[in-house]
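Chemist: Predicted model and sequence below, questions to follow.
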Amino acid sequence: MSKARVVVLEVTSGHLSVTAAARAYGLSRQHIYRLLGRYRDGGLDAVEPRSRRPASNPHTVSDEVIAAVVLLREHLTADGLDAGPLTLQGHLAQQGLPVPSTSTIRRILHHHGLITPQPRKRPRSSYRRFQAEQPNECWQSDFTHWTLVDGTDVEILNWLDDHSRYLLSCTAHRRVTGPDVVATFTTTAAEFGLPASTLTDNGAVYTARFTHGHNDFERLLASLGITQKNGHPNHPQTQGKIERFHQTLKRWLSARPKPDTLAELQTLLDTFGALYNTQRTHRAHPGHTTPAQAYHARPKAQPTNQATAHFRVRHDTVDQFGKLTLRHASRLHHLGIGITHAHTPVLILVAATTVTVISKTNHQVLSSHHIDPDKNYWRNQNKNPGRWPGNL
């Protein structure tokens, strides 16, 4: 029998007074009077200790929100998309539902068995994070592998804006080559403008510095005044954003049937790119914005050399004598490309001080010319690598 019952019975039976009961059982007289009042209203059961839990909790997560968290987790996971607490917060906000804290969402997921235990990870505080301040301040690039339905190994080449995580280009190739890097870069730059810098690994398609030479991509960047950055060998963390993007891309592709052809894979990549850029909020951005919103929210950075910050693109074909004609400042100029490139369709990148000619056939840089308004003929400086900007 509880102390409260004993005290009430002792007092109501006349065996002890309220004062004596308070002294004997170590209770205050006020509390004993409260117990007696409960006894008169509800009998002995009413004198038992009452729960101090509040009758209501304004912070309790509703059944609607719990169901939405569980359904979103299952739906996003099935689609191969990120479904962590931060991502779920963004989707709940889009649906107009109350948004619990990430710890509350994590508890909901754990309660429903939707969290897979993982080995202990390195603490976030140990990472040194870097993010460009402006769009086009730095483009990261890398390629990853995928397989077609028949087991054929193919490669996917990506260009990602460092500041916004905006996917600038995502293309499928049998094998990524140096010309592919040049072609996708020039096509992307023609659409989004020139970046101030690029960041890649040390693959041969990006740099020839370990062979004491320079490839077409390096020459192209130098001619446009773009800073080229390469990560340390065997240290992929330097290009962490593009590496993390590959995980997101492969998770999405894994949730779909493998394509039969390279063209089918490209169709999948185009669909993913639209979803990734415009519909999927990125947890690296405050306010749950999409990469597209983040990319267009700020002014774009430009190459350090302002003379090459603005450029235009022309399409032409080298004539039978190995030359091109270009109108610049209301005057025609002749460009010497070389007789071996006669009848080659080309892409011409015209900056303020240089003109770069790229073959459409094999995407190699054919020539580079310094713009001299006083001369009619601009010879090919590509024959003398020492004259490239940047001491190439």
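Modeler: Okay, I see it.
Chemist: Next, give phi and psi for residue 53.
Modeler: Dihedral pair for residue 53: phi -70, psi 130, per degrees, to the nearest 10.
Chemist: same thing with residue 142?
Modeler: In terms of degrees, to the nearest 10, the main-chain angles of residue 142 are phi -170, psi 170.
Chemist: For it, name its beta-bridge partners.
Modeler: residue 158 (DSSP bridges).
Chemist: for residue 243, helix, strand, or coil?
Modeler: Put simply, residue 243 is helix when judged by DSSP: H, G, I helix; E, B strand; the rest coil.
Chemist: Residue 349 now?
Modeler: Per three-state DSSP, residue 349 ends up strand.
Chemist: Now for it: which residues touch it?
Modeler: Taking CB atoms under 8 Å, 6 or more residues apart in numbering as the contact definition, residue 349 lies against 186, 220, 224, 311, 312, 313, 355, 356, 357, 358. For the C-beta atoms, the positions are set from N, CA and C on the backbone; glycine is no exception.
Chemist: Of those residues, which is the nearest to residue 291?
Modeler: Nearest to residue 291 among those: residue 186, at 22.0 Å, using CB to CB.
Chemist: and that closest one, how many neighbours?
Modeler: Residue 186 is flanked by 20 other residues according to other CB atoms under 10 Å.
Chemist: so where does it fall, helix or strand?
Modeler: helix 178-192 (DSSP states H and E).
Chemist: residues contacting the nearest residue to residue 278 once chain neighbours are set aside?
Modeler: Using CB to CB, 6 or more residues apart in numbering and skipping the chain neighbours, the partner closest in space to residue 278 is residue 292 (4.9 Å). Residues near residue 292 by CB under 8 Å, 6+ apart: 164, 166, 277, 278.
Chemist: hang on, isn't residue 131 packed against residue 162?
Modeler: Yes: using CB atoms under 8 Å, residue 131 is in contact with residue 162, at 6.6 Å.
Chemist: higher neighbour count, the two?
Modeler: More crowded of residue 131 and residue 162, by other CB under 10 Å: residue 162, with 24 against 12.
Chemist: what helix or strand does residue 19 sit in?
Modeler: Assigned by DSSP H and E, residue 19 falls within helix 18-25.
Chemist: pLDDT averaged over that helix - what is it?
Modeler: Per-residue pLDDT over helix 18-25 has a mean of 91.
Chemist: buried ones in it?
Modeler: Going by neighbour count (16 or more other CB atoms under 10 Å), the buried part of helix 18-25 is 18, 21, 22.
Chemist: What is the helix or strand following that helix packed up against?
Modeler: Next along the chain after helix 18-25, taking DSSP H and E as the criterion, comes helix 29-42. Contacting helix 29-42 under the criterion 3 or more CB pairs under 8 Å, 6 or more residues apart in numbering; DSSP states H and E are the following elements: helix 3-12, helix 18-25.
Chemist: From the rest of the structure, what touches the longest one?
Modeler: So that's helix 3-12. Residues outside helix 3-12 that contact it (CB under 8 Å, 6+ apart): 16-18, 21, 25, 27, 32, 35-36, 39, 44, 47-49.
Chemist: Quick one: the helices in the stretch 151-300 of the chain, in order.
Modeler: 178-192, 216-223, 240-254, 262-278, 291-295 (DSSP state H, counting those that start in this stretch).
Chemist: export the ones you listed to JSON lines and tack on distance to residue 97?
Modeler: Output for these, formatted as JSON lines (distance: least, CB to CB, whole Å):
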{"stretch": "helix 178-192", "distance to residue 97": "35"}
{"stretch": "helix 216-223", "distance to residue 97": "47"}
{"stretch": "helix 240-254", "distance to residue 97": "25"}
{"stretch": "helix 262-278", "distance to residue 97": "22"}
{"stretch": "helix 291-295", "distance to residue 97": "21"}
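Chemist: Please identify the most buried of the ones you listed.
Modeler: helix 216-223 (a mean of 23; mean count of other CB atoms under 10 Å).
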